[in-house]
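>>> the following comprises the amino acid sequence and a computationally predicted model.
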Amino acid sequence: MLSVSDLSKSFNHRKVLNNLNFQLKSGETAVFMGNNGAGKTTLLRIIAKIMTPDKGKIIFENSNILNGEPSSRKNILYIGHAPAMYASLSAFENLKFALEIRSNQKTESKIRYQLEHFGLLEQANDPISIFSQGMLQRLKLTYAELSNWNLLLLDEPFSGLDKTGEEQMDLSLLNWQKNGKTICLVLHSFDKAKIFGHKLFNLVDGKILQS
């Protein structure tokens, strides 16, 4: 499903990722942990091809996504810290637009159903510029539920969530795993990592230590 080989990345002559190697089978969840600045977000952004590595190879579904066509990444969904949505548009408009870009159109009723499921229906027509961090996290979770993907890259999904939002995130992760989805998670909680991680990778000095 996913193979990362000899991946390196430096910033200002400081090596953040140093010849990283790991593999994931279909249906597995990898959890990446480490101190701030360890390279966890950088790694996900490189897999999503938002960032370019200094060297290395990433094979996803039998294609080298670093030098392949954009279509080779169509089954990858990256959800990072920022909402990556338009602040002036409503939650509904953002979801509709984002899904259309991925050629994954959904009916209005399906979008509003998921917004209701994640407690955002009353704010569906409000610009997301007024959303709290927790609301933005739930909006990103709604987007992941509506999208088609085989590999989800999810960076600190529990950040800013209240108890209800955390429970919703737990349930979504468990459902995705039950349905055989492959996931790369950045987490800070070892308790959460033990629950969801089939493989636990600790990033230290640019290298991976497997737990």
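All right, it came through fine.
>>> other residues contacting the longest helix seen in the chain?
Ranked by residue count and defined by DSSP state H, the top helix of the chain is helix 163-178. Defining contact as CB atoms under 8 Å, 6 or more residues apart in numbering, one finds that helix 163-178 is touched by 27, 29, 118-119, 134, 137-138, 141, 144-145, 152, 157-158, 161, 183, 185, 195-196. Yep, even glycine has a C-beta here, placed from its N, CA and C like the rest.
>>> could you list the low-pLDDT ranges of this protein?
210-211 (pLDDT under 70).
>>> the helices in it, which residues?
For the chain, the helices defined by DSSP H occupy 40-47, 91-101, 108-117, 133-146, 163-178, 190-196.
>>> check which residues of the first one are buried.
Pointing back at helix 40-47 there. For helix 40-47, a neighbour-count test (16 or more other CB atoms under 10 Å) marks Lys40, Thr41, Thr42, Leu43, Leu44, Arg45, Ile46, Ile47 as buried.
>>> check the longest one too.
Neighbour-count burial for helix 163-178 flags Gly165, Glu166, Gln168, Met169, Asp170, Ser172, Leu173, Trp176, Gln177 (criterion: 16+ other CB under 10 Å).
>>> before we move on, what about the second one?
Under the neighbour-count criterion of 16+ other CB under 10 Å, helix 91-101 has Ala91, Phe92, Glu93, Asn94, Leu95, Lys96, Ala98, Leu99 buried.
>>> re earlier: Throw the buried residues of helix 40-47 into TSV and include distance to Met1, thanks.
Shown next, in TSV, are these (distance: CB to CB, whole Å):
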residue	distance to Met1
Lys40	20
Thr41	21
Thr42	21
Leu43	16
Leu44	16
Arg45	19
Ile46	17
Ile47	12
